[in-house]
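[1] fold the following for me, if possible:
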Amino acid sequence: MRRFLRTALLLPLLALAFPVEAQVPFGPASGVKEGLEIGTSTSEIAITSDFRGADLTIFGALTNADELFLAIGQYDVVVTLEGPKDYATVRKKERVFGIWMNTEGMTFEQVPESYSLASTRMIDSIDEAPSLNNIGVGIDHLGLNPVGYIPDSGMIGEFRDAYRRLKLSNGLYQRDTSGVRFVSSSLFRASLKLPANIPDGMHMVRAYLFKSGQLINQREMPLRVVKTGIEQAITDAAHDRPLAYGFLCVLIAIITGWGASIVFRKD
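    Model prediction:
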């Protein structure tokens, strides 16, 4: 009994003399979520008479990142640039009595007029299709919702594919599966190409951070695309004074045609 009491009294003294070190987990502190910060090389793109497209650079940083996941490449970044949204109509042409005519059409509500994407790798290998559809990341996963009643639901997929093909062919939709590169363990750089026919208006830069195929954070910031010089003057005149603009265009056409007839007439 005395030996048991002596041992019980020595245990607290040993604990004070040799404290146990606290176990700190590897990586970010428990309960602290990884952060994402982004910035762009410019906040405004000016469209001039000799505009042939531009390159937009997005810089970003990961905060509270897990060093182990960084080392094994479990973080993926997707950067997108979405143009102004508007209704888009796709029409189907068929040969009728030897003449190509528009027979059927479908209108999609509020879709981006332009869309550029850059990622660390193939986006479909980053996350599963249902999740990408929910957040609307990627050209194949944009929400193309038709307007009105569609009698044949099988036509929706056909018109969606046609819309994507048209946008890709004219350069308004672009993707670069290696456009995002990590320049250090937690700093990355993304490059997006802006086509020459990019629409003016307010665009939105969005960055998505994935960890092991799961979206954990995202950031966005606006980017203005504006026309300058004579292009802006013509655009303002067409929208603000349409009657005067139309009359001036007709007048210029008449004068041009009359002048050409005088110059090239035969005596």
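
[2] only C-alpha atoms from now on, for both contacts and neighbour counts.
    Fine.

[3] so the residue sitting nearest the centre point of the chain, which of the three states?
    Most central in the chain under C-alpha atoms, centre = their mean is Thr80, positioned 2.2 Å from the mean C-alpha point. Assigned by DSSP: H, G, I helix; E, B strand; the rest coil, the conformation of Thr80 is strand.

[4] gap between the residue nearest to it when sequence neighbours are not counted and Leu81?
    Leaving aside its chain neighbours, Thr80 sits nearest to Leu117 (4.4 Å; criterion: C-alpha to C-alpha, 6 or more residues apart in numbering). Per C-alpha to C-alpha, to the nearest Å, Leu117 is found 7 Å from Leu81.

[5] show me what contacts the closest residue to Ala65 other than its chain neighbours?
    Excluding its sequence neighbours, the residue lying closest to Ala65 (C-alpha to C-alpha, 6+ apart) is Glu34, at 5.5 Å. By C-alpha atoms under 8 Å, 6 or more residues apart in numbering, the contact set of Glu34 is Pro28, Leu62, Thr63, Asn64, Ala65, Ile216, Asn217.

[6] just the closest of those residues to Phe182, please.
    Comparing the contacts of Glu34 against Phe182 with C-alpha to C-alpha places Leu62 closest, at 10.3 Å.

[7] the closest one and Lys211: what is the separation?
    Separation of Leu62 from Lys211 (C-alpha to C-alpha) stands at 11 Å.

[8] beta partners for the residue nearest to Tyr173 when sequence neighbours are not counted?
    Distance criterion C-alpha to C-alpha, 6+ apart; nearest residue to Tyr173, sequence neighbours excluded, is Tyr115 at 4.7 Å. In this entry, Tyr115 is beta-bridged to Glu82, Tyr173, by DSSP bridges.

[9] neighbours of Tyr115, how many?
    Here the number of neighbours of Tyr115 (other C-alpha atoms under 10 Å) works out to 26.

[10] ok, now which ones touch it?
    Thr80, Leu81, Glu82, Gly83, Ile139, Leu172, Tyr173, Gln174.

[11] just send those residues back as JSON lines, with distance to Leu187 too.
    What follows is these, written out as JSON lines (distance: C-alpha to C-alpha, whole Å):
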{"residue": "Thr80", "distance to Leu187": "17"}
{"residue": "Leu81", "distance to Leu187": "20"}
{"residue": "Glu82", "distance to Leu187": "23"}
{"residue": "Gly83", "distance to Leu187": "26"}
{"residue": "Ile139", "distance to Leu187": "26"}
{"residue": "Leu172", "distance to Leu187": "28"}
{"residue": "Tyr173", "distance to Leu187": "26"}
{"residue": "Gln174", "distance to Leu187": "24"}
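
[12] of those, grab the buried ones for ChimeraX.
    Of the contacts of Tyr115, the buried ones go into a single ChimeraX selection, burial set by 16 or more other C-alpha atoms under 10 Å:
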select :80,81,82,83,139,172,173,174
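
[13] which residues of the stretch 101-250 of the chain fall in helices?
    Counting by DSSP state H, counting those that start in this stretch, one finds helices in the stretch 101-250 of the chain at the ranges 129-135, 154-169, 230-240, 242-263.

[14] helices or strands up against the longest one?
    It refers to helix 242-263. Secondary-structure packing of helix 242-263 (3 or more C-alpha pairs under 8 Å, 6 or more residues apart in numbering; DSSP states H and E): helix 230-240.

[15] swap in the first one?
    Helix 129-135 makes packing contacts with no helix or strand when contacts are defined by 3+ C-alpha pairs under 8 Å, 6+ apart.

[16] just give the number of residues close to Gly154.
    Gly154, neighbours per other C-alpha under 10 Å, totals 9.

[17] over to Ala65?
    When neighbours are defined as other C-alpha under 10 Å, Ala65 has 21 of them.
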